[in-house]
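Enquirer: What follows is a predicted protein model with its sequence.
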Amino acid sequence: MDPNALADRVIAGGTITPDEALAVLRLPDEATYSLVAAAGRVRRHFHGNTMKVNYLVSLKSGKCPEDCFYCSQRLGSEADVLKYTWLSHDDALAAANAGIAAGAGRVCLVASGRGPSNRDVDRVGEIIRDLKREHPDVEVCACLGILKEGQAERLAGCGADAYNHNLNTAESHYDEICTTHDYADRRETVQHAREHGLSACSGLIAGMGETDEQLVEVAFQLRDLGADSVPVNFLLPFDGTPLAGHAELTPQQCLRILAMIRFVHGPADVRVSAGREQHLRSLQPLSLEICNSLFLGDYLTAEGQAGEQDLRMLADGGYVVRGAEDVPPHELPQVIARRRGAGTPAPANA
Ligand code: SF4
C-alpha cells in the first residue's frame with residue numbers, strides 16, 4: 001500500500017476502500033511519518049495551510065441520565081468534574097466571546113443530556129441569535145443530544161450553522177459503550193439536522209477497546225452520513241467511569257487514525273479533538289499536518305493545554321487561523337543560565 005497513491009486518488013476526487021483504510025491503520029511505526037506527509041498533501045490540497053479553530057462552551061455539565069461508558073458526565077459517574085445546570089444567557093455569551101476574541105471561527109454550544117426539551121432549544125436559540133448578531137462571520141454549532149421533530153428547524157431558524165452529534169464508534173461496537181440509547185438514535189439525529197440545512201458535524205472517539213476494523217467501520221459510516229466536519233477524539237479515561245485506565249493508544253497510532261480519516265473524508269474538516277495532549281504528546285504538531293481544525297483551550301470536562309500555547313503551536317507550524325490572520329507577536333522564552341549538574345552540587349537534569 002502506497003500512501004502517496006492513495007493521496008493522489010483522493011486529491012483527484014476518488015475514494016479509498018475499507019481494505020486500504022485498514023492497511024493505513026496497520027502501517028508500521030517506521031512508515032508513519034511518510035504517511036503523515038501523504039495525508040498532508042490531501043489536507044493542503046483542500047485546505048492549504050489554513051486552520052479552523054473551534055471553541056467549546058459547556059452550557060450544562062454533568063448529571064446526564066444516559067450511561068455512555070466513556071463519558072465523565074454519565075449516569076452514576078464518580079468522575080470529579082464540574083456539574084452545573086444551564087449557564088445564564090449572559091454567562092454563555094461571555095464564555096463564547098472569550099473564545100472568539102482568541103481567534104475561534106466556530107463556537108460549539110454543548111449541553112449534557114439525552115436531548116433537549118423545546119424550552120431548551122428556545123434558550124439555546126436565543127444565545128445563537130445574539131452570537132450571530134454580534135459576530136456574523138463566526139459559525140455556531142449546537143450539540144444538545146438527540147433531537148426531536150421540529151428542533152433542528154428551530155435551531156437553523158435562529159442562525160445555527162451546524163449541529164454536532166458524534167457516532168463515537170462503529171455500530172458493531174456500540175453495545176459495548178452505551179446501553180441507554182442505540183446507534184440508530186445517533187444516526188437519525190445527524191440525518192435530521194442535515195435535512196434541515198444544518199452542516200453535519202459527527203465524529204468518533206478512538207481508544208475505547210474497538211478493533212482496527214471497527215475504526216474503519218465508523219469512518220465509512222460517518223462518510224455515508226455526509227459529515228462535513230469530523231472531530232477525532234482520543235479517549236480521556238476519567239477515573240470514576242467504566243473506561244477508567246484504558247490507555248491503549250500510542251502517538252504513532254493516533255497519527256495513523258487521523259491519516260485514515262483524512263483519506264476517507266477527503267475535503268471534510270478533520271478536527272484533532274479531545275485527548276490530543278495526552279495521546280499525541282510531543283507529536284501534537286504532526287497532527288496539524290493532517291487535520292485542518294482543532295479545539296482551542298479546554299474541553300467540556302477536561303482542561304486542554306493553554307489556549308495561547310495552541311495558537312503558538314499553529315503559528316510555529318506556519319498555519320493560518322481562518323478569520324484571525326494576524327499572528328500575535330511572540331517573545332522568545334527567557335534563557336536560563338545552568339546552575340545544576342556538572343560543576344555544581346545540584347542534581348543533574350537527567
Ligand atoms: S455522551 Fe452525552 S448522552 Fe452520553 S452520557 Fe455523556 S452527556 Fe450524556
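Expert: Here it is on my side, so go on.
Enquirer: Low-confidence stretches in this protein?
Expert: Low-confidence regions of the chain, defined by pLDDT under 70, span residues 326-328.
Enquirer: Within range of the ligand, give me the residues from it.
Expert: The chain comes close to the ligand at residues 64, 66, 68, 71, 73-74, 112, 114, 145, as judged by C-beta under 6 Å from any ligand atom. Backbone N, C-alpha and C define where each C-beta goes, glycine included.
Enquirer: elements contacting the longest strand along the chain?
Expert: Using DSSP state E to define each element, the chain has its longest strand at strand 50-60. Here strand 50-60 touches helix 89-101, strand 106-111, strand 269-272, strand 293-295, helix 307-316, strand 320-321, going by 3 or more C-beta pairs under 8 Å, 6 or more residues apart in numbering; DSSP states H and E.
Enquirer: Which positions within the longest one qualify as buried?
Expert: It refers to helix 89-101. For helix 89-101, the neighbour count (16 or more other C-beta atoms under 10 Å) marks 92-93, 95-97, 99-100 as buried.
Enquirer: Residues contacting that helix, please?
Expert: Helix 89-101 is contacted from outside by 55-57, 59, 87, 107, 109, 123, 126-127, 130-131, 134-135, 138, 296-297, using C-beta atoms under 8 Å, 6 or more residues apart in numbering.
Enquirer: Could you pull out the strands in the stretch 151-300 of the chain for me?
Expert: 162-164, 199-201, 204-206, 229-234, 269-272, 293-295 (DSSP state E, counting those that start in this stretch).
Enquirer: tilt between the longest one and strand 106-111?
Expert: Which is strand 229-234. 60 degrees (axes from the mean of the first three to the mean of the last three C-alpha atoms, to 10 degrees).
Enquirer: Can you list the helices and strands that strand 229-234 packs against?
Expert: strand 162-164, strand 199-201, strand 204-206, helix 251-265, strand 269-272.
Enquirer: so which of the ones you listed comes closest to R223?
Expert: Nearest to R223, of all the helices and strands packed on strand 229-234, is helix 251-265, at 5.7 Å by C-beta to C-beta.
Enquirer: between that closest one and strand 229-234, how big is the angle?
Expert: Using the same axes, to 10 degrees: helix 251-265 against strand 229-234 is 160 degrees.
Enquirer: gap between helix 251-265 and the chain center?
Expert: 13 Å (C-alpha atoms, centre = their mean, to the nearest Å).
Enquirer: picking that back up, can I get the residues of the chain next to the ligand in a markdown table with neighbour count?
Expert: Output for the residues of the chain next to the ligand, formatted as a markdown table (neighbours: other C-beta atoms under 10 Å):
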| residue | neighbour count |
| --- | --- |
| C64 | 22 |
| E66 | 18 |
| C68 | 21 |
| C71 | 26 |
| Q73 | 23 |
| R74 | 24 |
| S112 | 25 |
| R114 | 13 |
| G145 | 21 |
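Enquirer: So which of the residues you listed belong to helices?
Expert: Among the residues of the chain next to the ligand, no member falls in helices (DSSP state H).
Enquirer: which one among those gets closest to C291?
Expert: Set against C291, the nearest of the residues of the chain next to the ligand by C-beta to C-beta is C71 (22.8 Å).
Enquirer: Isn't that closest one up against C64?
Expert: Yes: judged on C-beta atoms under 8 Å, C71 makes contact with C64 at a distance of 7.1 Å.
Enquirer: Show the backbone phi and psi for the nearest residue to E213 once chain neighbours are set aside.
Expert: Leaving aside its sequence neighbours, E213 sits nearest to L22 (C-beta to C-beta, 6 or more residues apart in numbering; 6.5 Å). Backbone torsions of L22, given as degrees, to the nearest 10, read phi -60, psi -40.
Enquirer: Tell me who's in contact with L22.
Expert: Contacts of L22 (C-beta under 8 Å, 6+ apart): 212-213, 216.
Enquirer: Can you tell me which of those residues is nearest Q309?
Expert: Taking C-beta to C-beta as the measure, Q309 lies nearest D212 of these, at 31.8 Å.
Enquirer: Isn't that closest one up against R26?
Expert: Yes: because the distance of 6.5 Å satisfies C-beta under 8 Å, D212 is recorded as touching R26.
Enquirer: more crowded one of those two?
Expert: When D212 and R26 are compared for neighbours, D212 comes out ahead with 17 against 12, by other C-beta atoms under 10 Å.
Enquirer: Give me the distance between the more buried one and the ligand.
Expert: Using C-beta to the nearest ligand atom, to the nearest Å, D212 is found at 24 Å from the ligand.
Enquirer: Work out for me the element V121 sits within.
Expert: helix 118-134 (DSSP states H and E).
Enquirer: Determine how far the helix or strand following that helix lies from the middle of the whole chain.
Expert: Sequence order places strand 139-143 as the next helix or strand after helix 118-134, per DSSP H and E. Centre-to-centre, strand 139-143 and its host chain are 13 Å apart (C-alpha atoms, centre = their mean).
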